[in-house]
Structure formats: structure tokens, C-alpha cells
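Trainee: Got a predicted structure plus its sequence, pasted below:
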Amino acid sequence: MSRDEIIAFFDERKHGWSGRSPEALGHGHAELGSIESPMFGHRQGRAAIQESYRALFTTFPDWDFKGETLLIDGNRVAQPFSATATHVGAFMGLDGTNRRFVIQGVRLFDMADGLIQHERRTYDFTGLLIQIGILRGRPAKD
């Protein structure tokens with residue numbers, strides 16, 4: 001894919017994020033594509049990836065994804081991001097707490113044939129768990 005094609009691809013994905021559409025987001029992944037995610041582990045295949053988006057929006061129905069400027073090197077793409085949401089649905093054995101959180105991270109993509117072949121998601125998962133009350137944290141002592 002050319003740089004312009006990659007930029008257009010991710011610009012189009014903004015609609016899937018703003019509409020919280022598992023179908024639109026899943027459609028951007030290759031049929032046999034994969035993801036690695038702190039929240040969902042390893043998922044293989046478009047159907048499984050699409051289901052992870054569905055679970056995300058069920059648990060966090062107001063998920064607000066903000067992708068930053070893409071870093072592109074050939075068919076490899078890095079996208080820093082931030083996300084805010086409210087924990088409403090069951091997650092990791094805990095019913096919704098109605099607590100809001102903010103996370104920051106980077107998503108790494110391998111692109112081919114106009115689709116995401118592999119995606120690795122990296123973000124402050126521990127911070128998310130603390131913010132929604134699954135983990136407790138203590139401030140560092142001076």
C-alpha cells in the first residue's frame with residue numbers, strides 16, 4: 001500500500017470508531033488476520049476480531065477513540081492513541097462500576113492487500129484496571 005492509501009484507510013476507520021461499529025472496524029482486518037491485545041489476548045480471523053470490537057463496545061458503550069498522527073514505514077504503521085470510556089458492562093468478572101477512565105497507547109499494524117494483517121495493541125492496562133476499581137494502587141512514598 002502507498003502512504004496515501006494507508007492514510008485514507010485509517011481516515012475511513014474513524015467512522016467505525018465514532019459509530020462504535022464492530023462490523024466496520026472488523027471489515028478492515030484480513031479474513032485470516034490477527035490481533036494481540038492486553039484486553040482480548042490473541043484473536044485470529046476477522047470474525048473473532050470483530051467479536052472483540054463488539055465486546056469492547058458492550059462493556060464500554062461510550063468508548064471514545066482518538067487516533068493521533070500515523071507513523072508509516074512501508075507497510076508498517078504505528079498509531080499513538082488515547083481512549084476514554086465508562087465501565088458499564090461486565091469485565092474481568094466485575095460488573096460495571098460506572099467509573100470513567102483514560103488510557104494512552106500505541107497500536108502497531110502490518111498492512112497488506114489494503115487490509116490489516118496483524119495488529120498489536122499496547123496501552124496502560126494496569127492503569128485502566130486501577131481507574132475502574134479492579135486493582136488498587138498506592139501512591140509511591142517519597
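Mentor: Sure, I can see it. Numbers count the residues shown, from 1 in each chain.

Trainee: how about Gly105, what does it touch?
Mentor: Pro80, Phe81, Ser82, Ala83, Arg121, Thr122, Tyr123, Asp124 (C-beta atoms under 8 Å, 6 or more residues apart in numbering). For every residue, glycine as well, the C-beta is placed using N, CA and C.

Trainee: what do you get for His118?
Mentor: Residues in contact with His118 (C-beta under 8 Å, 6+ apart) are Gly33, Ser34, Ile35, Glu36, Phe109, Asp110.

Trainee: same deal with His42?
Mentor: His42 neighbours (C-beta under 8 Å, 6+ apart): Ser34, Ile35, Glu36.

Trainee: So the residue sitting nearest the centre point of the chain, which state does it fall into?
Mentor: Centroid-nearest residue in the chain: Arg121, 6.4 Å away (criterion: C-alpha atoms, centre = their mean). Following DSSP: H, G, I helix; E, B strand; the rest coil, we place Arg121 in the strand state.

Trainee: any idea how far Gly16 is from Thr97?
Mentor: 26 Å (C-beta to C-beta, to the nearest Å).

Trainee: what does Phe10 give?
Mentor: As for Phe10, its distance to Thr97 is 32 Å (criterion: C-beta to C-beta).

Trainee: And these two? Which one has more around it.
Mentor: A count of neighbours by other C-beta atoms under 10 Å puts Phe10 above the other of Phe10 and Thr97, at 18 against 15.

Trainee: Is it correct that the more buried one falls within a strand?
Mentor: No. According to three-state DSSP, Phe10 belongs to no strand; its state is helix.

Trainee: three-state assignment of the residue lying closest to Thr58 once chain neighbours are set aside?
Mentor: Nearest residue to Thr58, sequence neighbours excluded (C-beta to C-beta, 6 or more residues apart in numbering): Gly89, at 5.0 Å. Taking three-state DSSP as the rule, one finds Gly89 in the coil state.
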